[in-house]
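>>> coords please:
(one chain, ligands or ions: 2)
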Amino acid sequence: MRVLLVVLVCVVGLEGAKKPKLTNNEYEAFVGATDEAIIMDDPVAIKARKMSKLLKRQDVVANCRYLLFKAYKNYTDAKSSCRNLEWPFTHKGVDLASVNSEAENKEIRILLQLAHGVKQVGKLYNRDNWVWVGLEKTLNNKVLLAKDERGPENYNASEWQWLDGTHPKYTKWMRDMPDQGYKKKYDDFQNHVMVNKRGRWDDTFPEIEAPYACNYCGKYIVVAEHVTWFHARAACESYGLTMAIVNSMAENIELGWAANITFGPDPEHRRWNNTNWIWLGTEEIMDAEEHGTGEWIHHDGSELGWNPVWDRKLQPDNRVAKRGEQKVVAFSRLNQKWDDSFTWRKRPFACMCPHRSCHFPE
Ligand SMILES: [Ca+2]
Ligand SMILES: [Ca+2]
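Numbers count the residues shown, from 1 in each chain. Ligands and ions are numbered 1, 2, ... in the order given. Just a heads-up that it's a prediction; the model follows:
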């Protein structure tokens, strides 16, 4: 019976991977997914000092509201890099970050702290203290400004646009900014915006190459550092998050998406490389002799609420080693299937935002 069930699940799962068949509820989270706007209503306070320690070696970091890419790009390339990320299911591109409130501005600061530590990196204008966001000056943007036309007190919101076409409702300019400086080298004016680790904004030249932030309203945050399963669980909690729980096909697809953004493509498709298997917060209930019962439970005590797609060769296989059986779940970012694994193996891991910190407009 169990074999039959596993085979059935595999067949459904393979179909699912090609063309996800989701229930209305599963679609719900993404129905409004668009790069036009994201509304932040309930920020998750991430403990950046702790979390940044394990993120040093990864090129992409996330909080519950934004993604930051450490690679330096000019404004135009940064914009298309974000747009090339497509929300799963809707396949709409993600935009460069929009910042519409004090709470969102704080999330940008936390994001910068996650990327390069809580302290300022070198001098203020070190690029690693700054990040591109999607704000452009679209009117009167190619002229030298007189002194009394510069600075926050002379700034005119109707001349500026976020990439969704809206004018800024919130700003946090540095002293004397925006100043629309001109540089002969670029033959261009400062009319695009970066935000720094203190949450202050400056208008600058779109030709400058710097890290960039994209909008994100995801459930999962993937950490690339390899640790044991128990270490992963404790780490997520110490950040103010929880270890990832995946309870539907939609969430399984969302996690795969988040993981592939974090790691980028694996052209070699290294199926059994530890890097490509990510810890989830799900474990097997063991009997008195410490053997698997075939029943699975999430780390918070909640039930496994769906039939996940286990990897081929009849996983979970409860393989046994001297130190015990395989009893915790690893998730393949290559095919989005599950396998039971030994708790002491070291792998990347996925944390989860304890609640949706933001939503898409209806
Ligand atoms: Ca400036
Ligand atoms: Ca296994």
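
>>> Near ligand 1, which residues of the stretch 201-350 of the chain? Just list them.
Residues of the stretch 201-350 of the chain found near ligand 1 (C-beta under 5 Å from the ion) are Asp202, Asp203. Any C-beta I mention is one placed from the backbone N, CA and C, and that applies to glycine too.

>>> make it 8 Å
Asp202, Asp203, Thr204 (C-beta under 8 Å from the ion).

>>> Contact partners for the second one?
So that's Asp203. Lys137, Met177, Pro178, Asp179, Gln180, Gly181, Gln190, Asn191, His192, Val193 (C-beta atoms under 8 Å, 6 or more residues apart in numbering).

>>> To which secondary structure element is the fourth one assigned?
Taking DSSP states H and E as the criterion, Asp179 maps to no regular element, lying outside all helices and strands.

>>> Make 54 the starting number, not 1.
Fine by me, first position is 54 from now on; the one you just mentioned is Asp232.

>>> Not counting residues beside it along the chain, what's closest to it?
Nearest residue to Asp232, sequence neighbours excluded (C-beta to C-beta, 6 or more residues apart in numbering): Arg203, at 4.3 Å.

>>> ok, how many other residues are close to Lys159?
If you count neighbours by other C-beta atoms under 10 Å, Lys159 ends up with 16.

>>> which residues are contacting the host helix or strand of it?
In the assignment (DSSP H and E), Lys159 maps to helix 155-169. With contact meaning C-beta under 8 Å, 6+ apart, helix 155-169 is reached by 93, 96, 99, 101-102, 104-105, 108, 114-119, 121, 123, 150-152, 181-184, 186, 223, 225, 248-252, 264, 266.

>>> could you point out which element follows it?
Downstream of helix 155-169 (by DSSP H and E), the next one is strand 183-190.

>>> Compute the number of surrounding residues for the nearest residue to Asn193 once chain neighbours are set aside.
Take Asn193 and drop its neighbours on the chain: the residue closest to it by C-beta to C-beta, 6+ apart is Glu212, 5.6 Å away. Neighbourhood size, Glu212 [other C-beta under 10 Å]: 16.

>>> quick one, what contacts Glu212?
The neighbours of Glu212, taking C-beta under 8 Å, 6+ apart as the test, are Lys190, Thr191, Leu192, Asn193, Asn194.

>>> out of those, which are buried?
Burial by neighbour count, 16 or more other C-beta atoms under 10 Å: within the contacts of Glu212 this picks out Lys190, Asn194.

>>> Mind putting the contacts of Glu212 into JSON lines with pLDDT and distance to ligand 2?
JSON lines is the format used below for the contacts of Glu212 (pLDDT from 0 to 100; distance: C-beta to the ion, whole Å):
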{"residue": "Lys190", "pLDDT": "98", "distance to ligand 2": "55"}
{"residue": "Thr191", "pLDDT": "97", "distance to ligand 2": "55"}
{"residue": "Leu192", "pLDDT": "97", "distance to ligand 2": "60"}
{"residue": "Asn193", "pLDDT": "96", "distance to ligand 2": "63"}
{"residue": "Asn194", "pLDDT": "96", "distance to ligand 2": "58"}
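
>>> Show me which pair in the contacts of Glu212 is furthest apart.
Thr191 and Asn193 (8.9 Å; C-beta to C-beta).

>>> For Tyr269, give me the pLDDT.
For Tyr269, the model assigns a pLDDT of 93.

>>> quick one: it and Thr315, what's the gap?
Applying C-beta to C-beta, to the nearest Å, the value for Tyr269 to Thr315 is 11 Å.

>>> Would you check that Gly271 makes contact with Glu307?
Yes. When contacts are counted by C-beta atoms under 8 Å, Gly271 is listed as touching Glu307 (6.8 Å).

>>> between the two, who's got more neighbours?
Between Gly271 and Glu307, Gly271 has the larger neighbour count (other C-beta under 10 Å), namely 25 against 21.
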